[in-house]
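> Build the 3D model from these lines:
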Amino acid sequence: MPKTDFLIDAPLFSHDQPVADLDLIRQFNPQRHEMEHLTAILYEDPDTLRCAGYKEVRHDEFWCRGHMPGMPVMPGVIQLEAVAQLSSYFAQKYDLLGAEMVGFGGVDATRFRDVVVPGDRFVILIKLTRARRNRMIVADFQGVVNEKVVCDGTIRGIPLPTQAVKDHLAKRSAEASNA
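Below you'll find the model as predicted:
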């Protein structure tokens, strides 16, 4: 079997010395509680547009009870959310998109190659391949557990129209109050 080419060489970062903890991640990402899917950032390089982070997959994750009973397997959509959060963190920290908030814009050529289960450290590697200010970021990604690629593909991030979303929610709330 050929050696896997990782987007970031492991010697560039240390699992014991993250460059950002959860408190710093929260300065750039709005997700909280059960929707936080990053534990720490291991590496970031704005010159080569690469970033690595990880999620400690806990036994008390909200999905463990039902996906699947007696055999908890991290859903692919949650893996993608972790990738999106790492991409968003990097784009926001370095103001690559020029947006108040980065949203999930899509995935391409994504493959899930092995399972992720509670107790795993799900390491995420990204390399931005395109950053068009006010339009879109595109990043190749790999999810790695125990030095094995468990998922890979390309993810897109877009600027979220935060004021439009807030206006829409206010309108919905007003309609519900009048009903």
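> how far does the worst-scoring helix or strand of the chain on mean pLDDT sit from the chain's center?
Taking mean pLDDT, DSSP states H and E as the measure, the helices and strands of the chain show their lowest mean at helix 162-178, namely a mean of 90. Offset of helix 162-178 from its chain centre (CA atoms, centre = their mean, to the nearest Å): 28 Å.
> what comes into contact with it?
Taking CB atoms under 8 Å, 6 or more residues apart in numbering as the criterion, the residues outside helix 162-178 that touch it are 100-101. Just so you know, the C-beta spots here come from the backbone N, C-alpha and C atoms, and that holds for glycine as well.
> now with 10 Å?
When contacts are defined by CB atoms under 10 Å, 6 or more residues apart in numbering, helix 162-178 is touched by residues 30, 99-101, 103, 161.
> most surrounded residue in those?
In terms of neighbour count, A99 stands highest of the contacts of helix 162-178 at 21 neighbours, by other CB atoms under 10 Å.
> For that one, list the residues it contacts.
88, 91-92, 133-135, 137, 157-162.
> sec struct for it, please.
Three-state call for A99 (DSSP: H, G, I helix; E, B strand; the rest coil): coil.
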